[in-house]
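*Asks:* how would this look folded up:
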Amino acid sequence: MARSFPIPRVRNIGIMAHIDAGKTTTTERVLYYTGRAHRIGEVHEGTATMDWMEQEQERGITITSAATTCEWNDHQINIIDTPGHVDFTVEVERSLRVLDGAVAVFCAVGGVEPQSETVWRQADRYGVPRIAFVNKMDRIGADFSRVLEMMRKRLSSNPVPIQIPYGAEAEYKGYIDLITMKAHVFNDETLGAEFEIVEIPAELEDEANLARQTMLEGLAEFDDELMEAYLGDEDISAEMVTSALKEGAHSMKLTPVLCGSAFKNKGVQGLLDAVIEFLPSPLDLPAIKGENPYNKSEVECPSDDNEPLSALVFKIMNDTFVGQLSFLRIYSGVLRTGDSVLNVRRNRKERVGRLMRMHANKREELKEAFAGDIVAVVGLKNTVTGESISCPKRPVALESMEFPEPVISVAIEPETKADNEKLSHALGRLHLEDPSLKIAYNEETAQTVLSGMGELHLDIVCSRLLREFKVGARVGRPQVAYRETIRKTTSTNYKHQKQTGGRGQYGHVVMNLVPGKPGEGFVFDNQITGGVIPREYIPAVETGIKGAMSTGVLAGYPVVDVTVELVDGSYHDVDSSEIAFRVAGAMGFREAARRAGLYLLEPMMSLEIVSPEEYIGDVMGDLNGRRGKVSGIESRDNLQIVRATVPLANLFGYATDLRSATQGRATYTMQFDHYDEVPATVAEKILDKRGSE
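*Replies:* Take a look at the predicted model:
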């Protein structure tokens, strides 16, 4: 079977934004205008195609990234609609890892909001070119210019408007295209499917000419021909403008900005045209590079069907009807049903049972998939998120993904013995789907502890356990994921020596513990140059230290941001073993850590509260009572935007309290910011409580 579309006419894009900016609504219109869906699904009615999970439909938010494929102007567009809530940021992370371009959606009223910044930085990290769509131009308070200014200040980006709004708020009619200098007016009766292209109204001519002039000035540096024409005051063709925009967008030196109202069906067709015109195909980007795991040589994987297969699994989903689905992006080669592929990290062969193109939770069977495609595979039983699959004759490990550490935990207990087995099975499947969910078993309390990215994240997980997997269980109150670290440098000279008749145990280590930089984690520095400890025992020392750090020293919380320098030691020809040195490493670390001024760290959350002016006193007073530090207050019309940093421990139930204090008129967003030292009086209470458990 031949390709439906050549690689230059394929686009792999993501829709990303802050919660409630209109990502899913925009995607629903894209599906309607491209003919992929025959009716428009609405998020507020729970009928959105891309929000297919029960919890998504109930809450009106996107929880899991959903993939679909559509066609526009003889191009294939593979779309991933990502969540906007910070608790599900891992979904954005893994989607951006495999995408070639992205559409950043901004609310014309809210502008650049906290999660907008987070996803923008994620796209920067993965080098994903993007275009921006300023949505909700029909809303009261919509301000296109203000959003552009916020993009410059908060995102340090270079937004270049290629459209300006025609009207605003209730009078919003469409947009003026600055490339063709024509106005696009949408027909409400046809749900925006039909629109007129007319001359620019006289009252907007000056504004449009000034906006085009500003656009051309910004583009001149990307195209020599355009610069000469601009300096010579010559006519500049639409082709020259498009070429310069494409070059600037692909190199991420500028972001083309469009406007519209997805809910009112205005501007989405122009957005689709911009996706095709300004976002790259797989061939427009440098070939991805991987590593041969056996000889560590670099391997290049160009987007070519004739190359050996290389692909990355970026998501696992459990489907009620077909079982485990592995979503993967094919970077090179062709994948066919029945193929035998190599899981590079595990060095195990897997067989492709079925190949599917996904449309949210609906499936379309394929016989083969090509370079540049995003597809789902049934049959990869031993492959998890972040692992590479390749042709067995040319193994290549692609760069994997890193997932953030959890900040909040809940304890869960099965109600019966049968529920215990169901719980174990369900948690295994959920962890495969969501690598940011951490699962541990506490032997002292006989409880399973789930750790996640926030209250909502764990609430959704527990809801799925009870409803989807039918597990009978009791869920405890959320607990904060505290950390421990050391205040000063200290040394230890620890000898583990045990004689019980016959072969004994002997392990001797001399180590320095040095405080690390915040966020640095654990660094093991082996400074031994002679043979005082045989080389094969060094990893055992590191393993022992890691084990001691994971269970904590002060109060059982993981120890972080410590550098351990192994400087000396000794061994016994007969009694030394890996176990002996593992014990020496663990016990030596614990002994030194107790003398190194251990203290507790707590997760601090960045909070942005939008409140009417009359309630701002109550909001500020409440924040002070929660140990909050206000970093700034900004006025927007009759609203006040408060930015603050607050300990997570003091934010449980905040949504209810804020609603009560402001009669339900204030809203807030929250995301993890950093770990900070717990004040001594608070730490005392935590340690007392921990000791009594």
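*Asks:* give the contact list for residue 214.
*Replies:* For residue 214, the contacting residues are residue 161, taking C-beta atoms under 8 Å, 6 or more residues apart in numbering as the criterion. Bear in mind the C-beta positions are built from the backbone N, C-alpha and C, glycine included.
*Asks:* so residue 3 is in which element?
*Replies:* Following DSSP states H and E, there is no helix or strand that holds residue 3.
*Asks:* number of nearby residues for the residue nearest to it when sequence neighbours are not counted?
*Replies:* With C-beta to C-beta, 6 or more residues apart in numbering as the measure, residue 370 is the residue that lies nearest to residue 3, at 5.3 Å, once sequence neighbours are left out. Close neighbours of residue 370, defined as other C-beta atoms under 10 Å, add up to 24.
*Asks:* same thing with the one 3 residues further on?
*Replies:* When counting by other C-beta under 10 Å, one arrives at 27 neighbours for residue 373.
*Asks:* next one: residue 690
*Replies:* Using other C-beta under 10 Å, the number of residues around residue 690 comes to 15.
*Asks:* For residue 363, pull up the helix or strand it's in.
*Replies:* Element membership for residue 363 (DSSP H and E) is strand 362-366.
*Asks:* Who are the packing partners of the helix or strand following that strand?
*Replies:* The first helix or strand that comes after strand 362-366 along the chain, using DSSP H and E, is strand 368-369. Taking 3 or more C-beta pairs under 8 Å, 6 or more residues apart in numbering; DSSP states H and E as the contact definition, the neighbouring helices and strands of strand 368-369 are strand 335-336, strand 354-359.
*Asks:* so can I have TSV of the ones you listed showing distance to residue 559?
*Replies:* Formatted as TSV, the helices and strands packed on strand 368-369 follow (distance: least, C-beta to C-beta, whole Å):
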stretch	distance to residue 559
strand 335-336	44
strand 354-359	42
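*Asks:* need those in a markdown table with mean neighbour count, distance to residue 289 and mean pLDDT, can you?
*Replies:* Conversion of those to a markdown table gives the following (neighbours: other C-beta atoms under 10 Å; distance: least, C-beta to C-beta, whole Å; pLDDT from 0 to 100):
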| stretch | mean neighbour count | distance to residue 289 | mean pLDDT |
| --- | --- | --- | --- |
| strand 335-336 | 18 | 20 | 94 |
| strand 354-359 | 20 | 26 | 85 |
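*Asks:* for these, which one sits closest to residue 205?
*Replies:* Evaluated with C-beta to C-beta, the helices and strands packed on strand 368-369 place strand 354-359 nearest to residue 205, the distance being 43.7 Å.
*Asks:* what separates that closest one from the chain centre, distance-wise?
*Replies:* In terms of C-alpha atoms, centre = their mean, to the nearest Å, the gap separating the centre of strand 354-359 from the centre of its chain is 23 Å.
*Asks:* Now do it: which elements does it pack against?
*Replies:* Contact analysis of strand 354-359 by 3+ C-beta pairs under 8 Å, 6+ apart lists strand 66-72, strand 323-332, strand 362-366, strand 368-369, strand 374-378 as its packing neighbours.
*Asks:* how does it look with 7 Å?
*Replies:* For strand 354-359, the elements it packs on are strand 66-72, strand 362-366, strand 374-378, judged by 3 or more C-beta pairs under 7 Å, 6 or more residues apart in numbering; DSSP states H and E.
*Asks:* ok, and which of the ones you listed has the densest surroundings?
*Replies:* Here the criterion is mean neighbour count by mean count of other C-beta atoms under 10 Å, and of these the winner is strand 374-378, at a mean of 24.
*Asks:* next SSE after that strand?
*Replies:* strand 388-390.
*Asks:* what residues does the next helix or strand after that following strand touch?
*Replies:* Sequence-wise, the next helix or strand downstream of strand 388-390 (DSSP H and E) is strand 397-398. Applying C-beta atoms under 7 Å, 6 or more residues apart in numbering, the contact partners of strand 397-398 are 288, 290-291, 293, 310, 312, 344-345, 388.
*Asks:* would you turn the residues you listed into a markdown table with secondary structure and pLDDT?
*Replies:* Written out in a markdown table, the entries for those read as follows (DSSP: H, G, I helix; E, B strand; the rest coil; pLDDT from 0 to 100):
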| residue | secondary structure | pLDDT |
| --- | --- | --- |
| 288 | strand | 91 |
| 290 | strand | 91 |
| 291 | strand | 90 |
| 293 | coil | 87 |
| 310 | strand | 94 |
| 312 | strand | 91 |
| 344 | coil | 91 |
| 345 | coil | 88 |
| 388 | strand | 91 |
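*Asks:* Grab the longest strand from the protein for me.
*Replies:* Determined from DSSP state E, the single longest strand within the chain is strand 599-612.
*Asks:* Can you name every helix or strand that that one contacts?
*Replies:* Packing contacts for strand 599-612, counted by 3+ C-beta pairs under 7 Å, 6+ apart, involve strand 483-485, strand 639-647, strand 667-677, helix 680-692.
*Asks:* quick check, nearest of the contacts of strand 397-398 to residue 588?
*Replies:* Proximity of those to residue 588, judged by C-beta to C-beta, is greatest for residue 345, which lies at 32.2 Å.
*Asks:* Low-confidence ranges, this protein, go.
*Replies:* Across the chain, residues meeting the criterion (pLDDT under 70) sit at 1, 37-65, 84-88, 360-361, 442-446, 500-502, 637, 691-693.
*Asks:* hmm, back to that, let me have the helices and strands packed on strand 354-359 in JSON lines, adding distance to residue 644 as columns.
*Replies:* What follows is the helices and strands packed on strand 354-359, written out as JSON lines (distance: least, C-beta to C-beta, whole Å):
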{"stretch": "strand 66-72", "distance to residue 644": "33"}
{"stretch": "strand 362-366", "distance to residue 644": "43"}
{"stretch": "strand 374-378", "distance to residue 644": "39"}
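*Asks:* Quick one: closest of the helices and strands packed on strand 368-369 to residue 684.
*Replies:* Between residue 684 and these, the shortest separation by C-beta to C-beta is 52.3 Å, and it involves strand 354-359.
*Asks:* now the angle from that closest one to strand 323-332?
*Replies:* With axes from the mean of the first three to the mean of the last three C-alpha atoms, to 10 degrees defining the directions, strand 354-359 sits at 90 degrees from strand 323-332.
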